[in-house]
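Q: Sequence first, predicted coordinates after that:
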Amino acid sequence: MDEIDIETVADPDLEDPVLIEGLPGVGHVGKLAAEHLLEEFDSELVRRVYATEFPPQVNVDDDGVASLTCAEFHAVETEGADLLVLTGDHQAATNGGHYELTSAFLDVAESFGAERAYALGGVPTGELVEEYTVLGAMSDESMREALDDAGVEFRPDEPAGGIVGVSGLVLGLGARRGFEAACLMGETSGYLVDPKSARAVLEVLQELLGFEVDFESLEERAEEMEEVVGKIQEMQEGPAGPAEDELRYIG
């Protein structure tokens, strides 16, 4: 197999599709958001991207059938915009791999005529979050007004250390190709899988792109996580709460 192998599954006609990136990251915010779009809208698998930068493993379904790990693009038609949703279970293992894979992802997006992109993710706060804010970064100042109107906040020096991985490179490499790109980052503790942060990000995205999505399944997942949070808080308030290093491994 080549270092990167792109499998064509389908070639639907999309009108000015918007690339939505939701790969695993802090709080799995972007991945949760992207997968929620695929669950709530009719979607069609259009590309699989295989890469030697992914872990050497296969995924096994309920029937025992194995498939090589990959990233996937799904086409989604909404009332506001056609979407090209990128998700998967892994990011690249090396710095160079991040650049190569993101370039391949952008190649796929360009082949469908995409000129806009939104990378979805989380920004860690280091503490449990009660009111969820979505922070933003953009490839060009011309995007600020629309992002401001959608409730995105821009803060000096945040996120600290910049945006790493595919989400950052969608902006950096995308801008060099002429993409209008932004990153939407929901605040999250960083300790837990965070459906509430994913919902906050999706609320901004639907405002930007003019579609509406139901959040019932995310709310159910959020309730499950609230039970986990409640147990954590009980432990913190007790005589021997968990150490911070222990919390880092939850979720």
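A: All right, it came through fine.

Q: Share the number of residues neighbouring Val26, please.
A: The number of residues packed near Val26 is 24, by other C-beta atoms under 10 Å. Quick note: C-beta positions are derived from backbone N, CA and C, even for glycine.

Q: now it, nearest residue through space, not along the chain?
A: Gly122 (3.8 Å; C-beta to C-beta, 6 or more residues apart in numbering).

Q: same deal with Thr102?
A: In space, Thr102 is closest to Leu169, 4.0 Å off (C-beta to C-beta, 6+ apart).

Q: With Met1 instead?
A: Using C-beta to C-beta, 6+ apart, the nearest residue to Met1 is Tyr50, at 6.5 Å.

Q: partners of the one you found in the sheet?
A: With DSSP bridges as the criterion, Tyr50 is bridged to Asp5.

Q: go on, the one 10 residues further on?
A: Partner residues in beta bridges with Val60, using DSSP bridges, are Ala66.

Q: shouldn't it be in contact with Leu68?
A: No - between Val60 and Leu68 there is no contact under C-beta atoms under 8 Å: 11.3 Å.

Q: More neighbours: the two, which one.
A: Applying other C-beta under 10 Å to Val60 and Leu68 shows that Leu68 carries more neighbours, namely 13 against 10.

Q: List the contacts of the residue nearest to Thr102.
A: By C-beta atoms under 8 Å, 6 or more residues apart in numbering, Leu169 lies in contact with His98, Tyr99, Thr102.

Q: Put the buried members of the residues you listed into a PyMOL selection.
A: Listed next is the PyMOL selection for buried residues among the contacts of Leu169, using 16 or more other C-beta atoms under 10 Å:
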select buried, resi 98+102
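
Q: out of the contacts of Leu169, who's nearest Ser142?
A: Checking the contacts of Leu169 against Ser142 with C-beta to C-beta, the nearest one is Thr102 at 22.4 Å.

Q: Show the model's pLDDT score for the closest one.
A: Per-residue pLDDT puts Thr102 at 98.

Q: Which helix or strand contains it?
A: helix 95-111 (DSSP states H and E).

Q: can I assume the residue nearest to Met1 is in contact with Glu7?
A: Yes - using C-beta under 8 Å, Tyr50 is in contact with Glu7, at 7.0 Å.

Q: For Leu101, grab the count of nearby residues.
A: Around Leu101 there are 26 residues (other C-beta under 10 Å).

Q: got a list of what it touches?
A: Taking C-beta under 8 Å, 6+ apart as the definition, contacts of Leu101 comprise Ile4, Val49, Ala51, Glu53, Ala71, Gln91, Ala92, Val166.
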